[in-house]
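>>> next one to model:
(chains A, B, C and D)
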4 protein chains.
Amino acid sequence: MRVTEGQRILLIDELGRKYLVRATRKPIHTDLGVVDLGSAIGIPFGDKLKSHMGREFTVLQPRMSDILQKIRRLPQIVLPKDAAQIVAYTGVGPGDRVVDGGTGSGSLAIFLGNLVKPGGRVVSYEVREDFARVAMENVRMAGLEKIIEIKLKDICEGIEEEDLDLVTLDIPTPEKVLPHAEVALKPGGYLAAFTPCIEHVQRLYSEFPAYKFTNLKTIECLVREFEVKPGATRPKTRMVAHTGYLTFARRV
Amino acid sequence: MRVTEGQRILLIDELGRKYLVRATRKPIHTDLGVVDLGSAIGIPFGDKLKSHMGREFTVLQPRMSDILQKIRRLPQIVLPKDAAQIVAYTGVGPGDRVVDGGTGSGSLAIFLGNLVKPGGRVVSYEVREDFARVAMENVRMAGLEKIIEIKLKDICEGIEEEDLDLVTLDIPTPEKVLPHAEVALKPGGYLAAFTPCIEHVQRLYSEFPAYKFTNLKTIECLVREFEVKPGATRPKTRMVAHTGYLTFARRV
Amino acid sequence: MRVTEGQRILLIDELGRKYLVRATRKPIHTDLGVVDLGSAIGIPFGDKLKSHMGREFTVLQPRMSDILQKIRRLPQIVLPKDAAQIVAYTGVGPGDRVVDGGTGSGSLAIFLGNLVKPGGRVVSYEVREDFARVAMENVRMAGLEKIIEIKLKDICEGIEEEDLDLVTLDIPTPEKVLPHAEVALKPGGYLAAFTPCIEHVQRLYSEFPAYKFTNLKTIECLVREFEVKPGATRPKTRMVAHTGYLTFARRV
Amino acid sequence: MRVTEGQRILLIDELGRKYLVRATRKPIHTDLGVVDLGSAIGIPFGDKLKSHMGREFTVLQPRMSDILQKIRRLPQIVLPKDAAQIVAYTGVGPGDRVVDGGTGSGSLAIFLGNLVKPGGRVVSYEVREDFARVAMENVRMAGLEKIIEIKLKDICEGIEEEDLDLVTLDIPTPEKVLPHAEVALKPGGYLAAFTPCIEHVQRLYSEFPAYKFTNLKTIECLVREFEVKPGATRPKTRMVAHTGYLTFARRV
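The predicted model follows:
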């Protein structure tokens, strides 16, 4: 496969750093010199470009994980390590119908949109217009505008969709969505709430008994990275110790 | 949607326990009494069956996460929490072409097969015929026989597919697959090796420099579950402390 | 040094298993045969006894860590890994005056008593007479009856000692002790509360502002054990994921 | 108790920050104003000094944990959380005879020296004269010069002391000390090696079988700190993910 003009491409430099750009007749300035992006047009993926300093940049097709690293981020985002646990626990996949409450930068919607395509759909609710605008740009960058719809509405006031496989929440008051999620989810569908503080979890569990949910489960996911060098293998010195709690519940 | 005769269904009892069965004219014996599975035929999903003791069982469509919990397991399997990290780091999704080395019970192949469908494909290599047979049964149970192929071959001796997005390994000598993965992966494609011991990781890193891989990353993923009761919220007393290390590398 | 009659000794068998016994003219029955404990009398520490099956048992002086492993345990105890964090954070050591609320089996009192001797003192409050009796036996077994006093009183109703370096709490309502600890601790002294649930921590912090404490800190301590075998080094599969939260505060 | 001239005192300001100083007729400059340290002389511990800006500083007797936070640190130190696990596993306490290999800044020697006093003793080996000099200053600051001796020698070449309760190691080649520790430790005494990389652990275990050690145990200790605010309780976002592995072995 060859690069076409205007196509989004990923460059990886000799140090493994990534640049998500378009193959247009423009230069990009990097630590390792200036690269003429136009020279990528027509070459096969996997070929290399050279900067004016002679340093090499491999031209790759971006994957969704590359795009998620490069989207414009708003303050709090659901990290891929946590979004992935939603896959593990709910089995979300191609064809699923998902509602996402609290779009933010859209990173969770994009992560899920990529997994439910081509037959599925993600509708994401956001109350802040500025967030919705950033998210929409990110959705377009991910090429998922046919899969993901962003609604400027408060999910605490209602869910308009029905027969859903999954409702994800990243909002300060997830307990207010329980009555709506109960109705909107199909039997066997899942609720997944991401919440930074334990008080959110406590409030959810004090409300759950009033609604038709079972298999309640709350987890935290810790990912530890390693340094592997000859004779010197060890976990990295510092890590992210907390992003949030993930609470799952199943509609019956 | 209504249950058809012979269809695979999931029952959830009043205690949240799951039973993956078929809607056939047979009884199932449980702690909460005998349930006539034939009475599920023709009812809508979400309805309840009653046991002879009057206890209720909700009838649901099984999701892939339910099936992965119920497949026949061989000794070591890649748990969903770890498989999910492969999604997080490699962005594997619909349409991807995957080779999986070391089928085992097929749980990783099934997890990935569900995510790459309908357009993608998973070819899984296994040297033990008995494992391959169990895995094939599990693949059929998951309804993924058009997506997943199981080959009775040793992946250390070669990969026949090419232009791959992802090669996953769960074998004792992942380092022997590096020359084959280098050729079989498309530029930008990922290698993901799951290995229980740190010596596997050390051997992989001593071989990596000979091949065209970048962005090496090794992680471990710890999931901690919580007990949330009124006035008594705390992590569970015991947890799985180790399944394996996940090592990622990107073909350039 | 030689073993005297009636002295408490530690035997370690060929598999590393420990037996805390007295050097008296009695036999002990083990998996590896019967050992005549009387034959230990007069031999130097480090020598070995033989069972009737010819298996060896090394005779050692027990250390406090051995005794803490062998005391009679009541349901919840503060594990050494957590007790040790009290040393790390408060600097408790020889000569310190400590009050301990909620004696239980006495394991924390014994751990601390061993560290503050010979000049320090631990007074431990317990409301249940049966617990106090078990704890007193354990204290005698540890040889710390001159250092540790057990009082059959409710620490929530008052602390009779004053000028304390440390108050430790392992009770359901640690917040009720704050007014007493404020008075009983010397300026610069520490409060350390061990609590299994996060609600205890939340209640403590809602009360702290009413009292003269600073440097509030809450931690959890996770200890992961490894299997190290040639070519097969890895964390153990399962671990203790939670014992309790440790909350520290300093009297100013 | 009242402050005497020249005595080491700890000031805590209104924000909980600590200053370890001497009560001498000198000023100290802080963010919250200038404090005349001479005005502390003769006042009782627990009283407050005022800065020229009217901000309060409580005068406290420093504890060993304060001193360990304020000593001059060289690159790698054994943190109190890890040093404390040595207490948990080996039961080190008053009266113990300890040899410490790799003094560094002396922080582990000081931690242990404080616990074995008044009857015990710590001899610490260091090959670098500059490190030994810093450590000696730190030992004097901790007031432990009668308990701790620093030797300018390589512990890999021999241990001159005998009948030891504990040998601690924080050096790159702990395996070279095994023959010496075997002889120097009393039966039942412990070896505790702190090592940042897993390769150190692997080398230790490949040597252990040649010496008289049992009860081998390797752990890592993770401490996670919490933020507790009304309605917003959660682990802190980042944590120290790795300091080192602790390996214990017992001389039989």
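
>>> residue A:113 is in what secondary structure piece?
helix A:107-116 (DSSP states H and E).

>>> wait, does the very next helix or strand once past that helix make contact with chain B?
Following helix A:107-116 in sequence order, the next helix or strand is strand A:121-125 (DSSP H and E). No. With Cβ under 8 Å from any Cβ of the partner chain as the criterion, chain B is not reached by strand A:121-125; the gap is at least 13.2 Å. For every residue, glycine as well, the C-beta is placed using N, CA and C.

>>> give me the residues contacting the helix or strand just after strand A:121-125.
For strand A:121-125, the following helix or strand on the C-terminal side (DSSP H and E) is helix A:129-141. Residues from elsewhere that reach helix A:129-141 (Cβ atoms under 8 Å, 6 or more residues apart in numbering or on different chains): A:8, A:67, A:70-72, A:74, A:103-107, A:109-110, A:113, A:124, A:126, A:145, A:148, A:150, A:152.

>>> any buried residues in stretch A:176-192, and which?
A:176-178, A:180-182, A:184-192 (16 or more other Cβ atoms under 10 Å in any protein chain shown).

>>> just give me the closest of those to chain D.
Nearest to chain D among the buried residues of stretch A:176-192, counting by Cβ to the nearest Cβ, is residue A:176 at 15.5 Å.

>>> SS state for the closest one?
Under DSSP: H, G, I helix; E, B strand; the rest coil, the three-state class of residue A:176 is helix.

>>> what's near enough to touch it?
If a contact means Cβ under 8 Å, 6+ apart, then residue A:176 has residue A:156 as its contacts.

>>> and what of the one 4 residues further on?
With Cβ under 8 Å, 6+ apart as the criterion, the residues that contact residue A:180 are A:155-156, A:158-159.

>>> max pairwise distance over those residues: which two?
Maximum pairwise distance among the contacts of residue A:180 (Cβ to Cβ): 9.8 Å, between A:156 and A:159.

>>> shared neighbours of the two, anything?
Counting by Cβ under 8 Å, 6+ apart, the common neighbours of residue A:156 and residue A:159 are A:177, A:180.

>>> give me the more crowded residue out of the two.
Legend: neighbour count by other Cβ atoms under 10 Å in any protein chain shown for residue A:156 and residue A:159, higher for residue A:159 (23 against 20).

>>> isn't the more buried one up against residue A:182?
No. Look at residue A:159 against residue A:182 with Cβ atoms under 8 Å: they stay out of range, at 9.8 Å.

>>> distance check, residue A:68 against residue B:178.
Distance of residue A:68 to residue B:178, given as Cβ to Cβ, to the nearest Å: 27 Å.

>>> could you do residue A:46 as well?
From residue A:46 to residue B:178 the distance is 17 Å (Cβ to Cβ).

>>> just the CA trace of the worst-scoring helix or strand of chain A on mean pLDDT, in CSV.
Sorting the helices and strands of chain A by mean pLDDT, DSSP states H and E puts helix A:64-70 at the bottom, at a mean of 91. Taking C-alpha atoms only, helix A:64-70 is exported to CSV below (Å, rounded to 0.1, in the frame of the first residue of the first chain):
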residue,chain,number,x,y,z
MET,A,64,-6.2,3.7,16.6
SER,A,65,-3.8,3.4,19.5
ASP,A,66,-1.5,6.0,17.8
ILE,A,67,-4.4,8.3,17.3
LEU,A,68,-5.6,8.0,20.9
GLN,A,69,-2.1,9.1,22.0
LYS,A,70,-2.2,12.2,19.8
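
>>> could I get the average pLDDT for stretch A:111-126?
For stretch A:111-126, mean pLDDT rounds to 96.

>>> next one: stretch A:132-144
Here the average pLDDT along stretch A:132-144 is 95.

>>> kindly export that stretch (C-alpha atoms) in PDB.
Provided in PDB are the C-alpha atoms of stretch A:132-144 (Å, rounded to 0.1, in the frame of the first residue of the first chain):
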ATOM      1  CA  ALA A 132     -18.100  18.700  22.500                       C
ATOM      2  CA  ARG A 133     -16.300  20.700  19.900                       C
ATOM      3  CA  VAL A 134     -12.900  19.400  20.800                       C
ATOM      4  CA  ALA A 135     -14.300  15.800  20.900                       C
ATOM      5  CA  MET A 136     -15.900  16.200  17.500                       C
ATOM      6  CA  GLU A 137     -12.500  17.300  16.000                       C
ATOM      7  CA  ASN A 138     -10.900  14.200  17.700                       C
ATOM      8  CA  VAL A 139     -13.600  11.900  16.300                       C
ATOM      9  CA  ARG A 140     -13.000  13.300  12.800                       C
ATOM     10  CA  MET A 141      -9.200  12.800  13.200                       C
ATOM     11  CA  ALA A 142     -10.000   9.200  14.100                       C
ATOM     12  CA  GLY A 143     -12.200   8.800  11.100                       C
ATOM     13  CA  LEU A 144     -15.100   7.600  13.200                       C
END
